[in-house]
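>>> What shape does this take:
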Amino acid sequence: MEGTHRTRPNATLVNSLLHPPAGRPQGGHRGRRERPRGRAPRRWALTVSGYVFGLACQPLASVLLDFWQADRNGAYDNITYNFRGHQYTNAQGAFRLTTIVPGLYPGRTRHIHVKAQAPGRPVLTTQLYFPGEPRNNTDTIFDPALLMNARTVGTGREATFDFVLNVPGVPPTDPTTSPPPGGGIWQVGVTYQAGDQVTYGGATYRCLQGHLSQAGWEPPNVPALWQRA
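Reported below is the predicted structural model:
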């Protein structure tokens, strides 16, 4: 299996699983041949976002992300291929998916399937899981390293997850800029090293991996790079 999941769009076809893509997507999954029964209520709405990085913490553009999942009744649609779709990461390595919270079926906890493939690299096939699910303790496939960060927002849910793929590269550096002395407010365009501390939104964060900060990489948005102190 290529790549690592996490220690954490330009949509070419669709960036939503609420409508089927044209034709069968990659990563078809054999499940119960049932179609979703009606439109899901708003409380099931889910947005999943994050970044895809290489081994040197460099953002990876044009990574193919192929998602598929069960509908709210725990059924996979193998007829019209609803709740399936794919997209590519943008220049910053970011993705954003609009879907619903998948339903449960016997033997499994709640999850979303995903295949990730950087250009010219092997495919990583994995699953993303939800925190606080009772079946996480009994699902034999469940891996806590693949838990998303999830929260309830209004009548829906938002989740984040960052992928780290087995793609070598040179760490982004900026020798002319260094972190504020003594740990300061997080800033764009600063080269942070592992162990550096910053403040953002009134909270203190510790850097986990050296990187050059970019817009959209605010500490609470990239748990692969920052941990709340």
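
>>> and the residue positioned nearest the centre of the chain, backbone torsions?
Note on the chain: the residue nearest the mean C-alpha position is F161, at 3.3 Å, using Cα atoms, centre = their mean. Phi and psi for F161, reported as degrees, to the nearest 10, are phi -160, psi 130.

>>> wouldn't it be in contact with G50 here?
Yes: F161 is within contact range of G50, at 4.6 Å (criterion: Cβ atoms under 8 Å). For glycine as for every other residue, the C-beta is placed from the backbone atoms N, C-alpha and C.

>>> tell me the contacts of S49?
A94, F95, R96, L97, E158, A159, T160 (Cβ atoms under 8 Å, 6 or more residues apart in numbering).

>>> can you do 10 Å?
Taking Cβ atoms under 10 Å, 6 or more residues apart in numbering as the contact definition, S49 lies against 9, 94-98, 148, 158-162, 216, 221.

>>> same question, V63
By Cβ under 10 Å, 6+ apart, the neighbours of V63 are 9, 51-54, 87-90, 93, 95, 116-119, 121, 124, 163, 165, 167.

>>> so what's the backbone phi/psi at it?
The phi/psi pair for V63 (degrees, to the nearest 10) is phi -80, psi 130.

>>> follow-up on the earlier one: emit the PyMOL select command for whichever of the contacts of V63 are buried.
Here is the PyMOL selection string for the buried members of these, based on 16 or more other Cβ atoms under 10 Å:
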select buried, resi 9+51+52+53+54+87+88+89+90+93+95+116+117+118+121+124+163+165+167
